[in-house]
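1. Could you look at this predicted model? Sequence included:
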Number of protein chains: 2
Amino acid sequence: MTVLLYDLVAEGDRRPSPFCFRTKLALAHKRLAFETTPVAMTDIQALEGGAFKTVPILKDGAHVVGDSWSIADYLDQAYPDRPPLFHSPEERGLCRFFDAWLYASVLLPIVRFYVKDIHDLLLEKDHAYFRASREARLGCTLEEAAAGREARLDGMRAGFDPARLTLTHQGQPFLSGQNPGYADFMLAGVLLWVEAIGTVPLLVDGDPLVTYLEHVRAPLTR
Amino acid sequence: MTVLLYDLVAEGDRRPSPFCFRTKLALAHKRLAFETTPVAMTDIQALEGGAFKTVPILKDGAHVVGDSWSIADYLDQAYPDRPPLFHSPEERGLCRFFDAWLYASVLLPIVRFYVKDIHDLLLEKDHAYFRASREARLGCTLEEAAAGREARLDGMRAGFDPARLTLTHQGQPFLSGQNPGYADFMLAGVLLWVEAIGTVPLLVDGDPLVTYLEHVRAPLTR
């Protein structure tokens, strides 16, 4: 049976959610066939009886699960015969740390840098909600957040340095070692998201993350 | 048989090495009895036929192993019946990332902040070597590195924020989940090191890392 994933959609069928990307990579890792149902940001609350405020939402037969972490735990529990997302409780614990690092050091600067790009690419019906909610969170207008952003480009890129250092100096092609794991899906989710919505490239030629991303995303295109 | 660990020593029998602390925590985790042999920085190269430039160095019967990562791998390989340091290759991979993060975000600012304190506490015989090698690395004198350090205190403490966030918001008391693991030994190693050498406290009352450190270090005092 094919699993269904509600996936945030923007103009031109772009998919502007790092959390949906990590779940798609997780599903591919577990070799579960899935289809995505594109959904506008302001339509999420009308889905599945209004139980969820954000995507991803996974629908697997009678099971409906929201939140990327809950989905990952559900998948390992429901499909123990498939490749695990977490090989040990310790790996899951460290993935939690990784997510906290990703959020503080990478995601926040990226949101601020690209927030106006995201707004402009969202479906027209999502514009007012996105602007109001994000401006409240940022404490400034989208235009103010984007102003002078070129000066922040190097710092934003440098936020990934601990990941680069791991890939280039530790003899392992992935954060999780010799094979990609859930931490890699979280990191690649951010990179795929920016690729989908950014008007300024995040990765430049020669960045070790370019080759890395090719390998981590490969199962999505098979 | 008791394992022997060469451990860096300073005045008053202080132990000023974060890497030795992580190895001591690893040995306690594996429930291996060990004794430390204090060694001055400038005496390391005279040990064990001059094979090592840094501590920790582990001596386990005929096996002599240097470098904290090599020691960790040795311990898991030599004592598979004891609690593992790495429960899966994925955990080991993520610990490598954690070490890269720890180095860039935590260790470098801490070294700069406390380098003069460390110098002053080292044995007299180590002063000249420490000053020359660290000043070359820092690109300035020890006194210049320490100058105006109070202004850097908040930033240095904030470097630990992804770890704090993990402990306070993810329902897990340790970075590795419900039990301390090698990533916790690396982090606690830094905190124990600063406790041993700092003239300004790194942790203040109410910091969640205070209680955390008490739990991670407990096996060392049993």
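-> Sure, I can see it.
2. what stretches of chain A score poorly on pLDDT?
-> Chain A contains residues with pLDDT under 70 at A:222.
3. Tell me the helices and strands packed up against the longest helix seen in it.
-> Longest helix in chain A by number of residues (criterion: DSSP state H): helix A:182-197. With contacts taken as 3 or more CB pairs under 8 Å, 6 or more residues apart in numbering or on different chains; DSSP states H and E, helix A:182-197 sits against helix A:18-29, helix A:89-101, helix A:108-121, helix A:208-221. Glycine gets a C-beta too; all of them are placed from N, C-alpha and C.
4. Hey, what's the angle from that helix to helix B:89-101? Just curious.
-> For helix A:182-197 against helix B:89-101, the angle by axes from the mean of the first three to the mean of the last three CA atoms, to 10 degrees is 60 degrees.
5. and chain A, which residues reach chain B?
-> With CB under 8 Å from any CB of the partner chain as the criterion, chain A meets chain B at residues A:87-98, A:100-101, A:103-105, A:161-163, A:165-166, A:169-170, A:172, A:174-179, A:181, A:183.
6. Are any of the residues you listed buried, and if so which?
-> With burial judged by 16 or more other CB atoms under 10 Å in any protein chain shown, the buried subset of the residues of chain A next to chain B is A:87-98, A:100-101, A:104-105, A:162-163, A:165-166, A:170, A:172, A:174-177, A:179, A:181, A:183.
7. and the longest helix of chain A with helix A:208-221, angle?
-> In terms of direction (the same axes, to 10 degrees), helix A:182-197 departs from helix A:208-221 by 90 degrees.
8. what residues are up against the residue nearest to the spatial centre of chain A?
-> In chain A, the residue lying closest to the centroid (CA atoms, centre = their mean) is residue A:18, at 1.9 Å. For residue A:18, the contact set (CB atoms under 8 Å, 6 or more residues apart in numbering or on different chains) comprises A:107, A:189, A:190, A:192, A:193.
9. go again using 7 Å as the cut-off
-> Residues in contact with residue A:18 (CB atoms under 7 Å, 6 or more residues apart in numbering or on different chains) are A:189, A:190, A:193.
10. The second one reaches residue A:106, doesn't it?
-> Spelled out, it's residue A:190. Yes: Residue A:190 is in contact with residue A:106 according to CB atoms under 7 Å; the separation is 6.1 Å.
11. If we ignore the residues flanking it in sequence, what's nearest the residue nearest to the centre of chain A?
-> residue A:193 (3.9 Å; CB to CB, 6 or more residues apart in numbering or on different chains).
12. my guess is that neighbour meets residue A:21, correct?
-> Yes: judged on CB under 7 Å, residue A:193 makes contact with residue A:21 at a distance of 5.6 Å.
13. From residue A:183, how far off is the residue nearest to residue A:219 when sequence neighbours are not counted?
-> Once flanking residues are discounted, residue A:219 sits nearest to residue A:28: 3.8 Å by CB to CB, 6+ apart. Distance of residue A:28 to residue A:183, computed by CB to CB, to the nearest Å: 16 Å.
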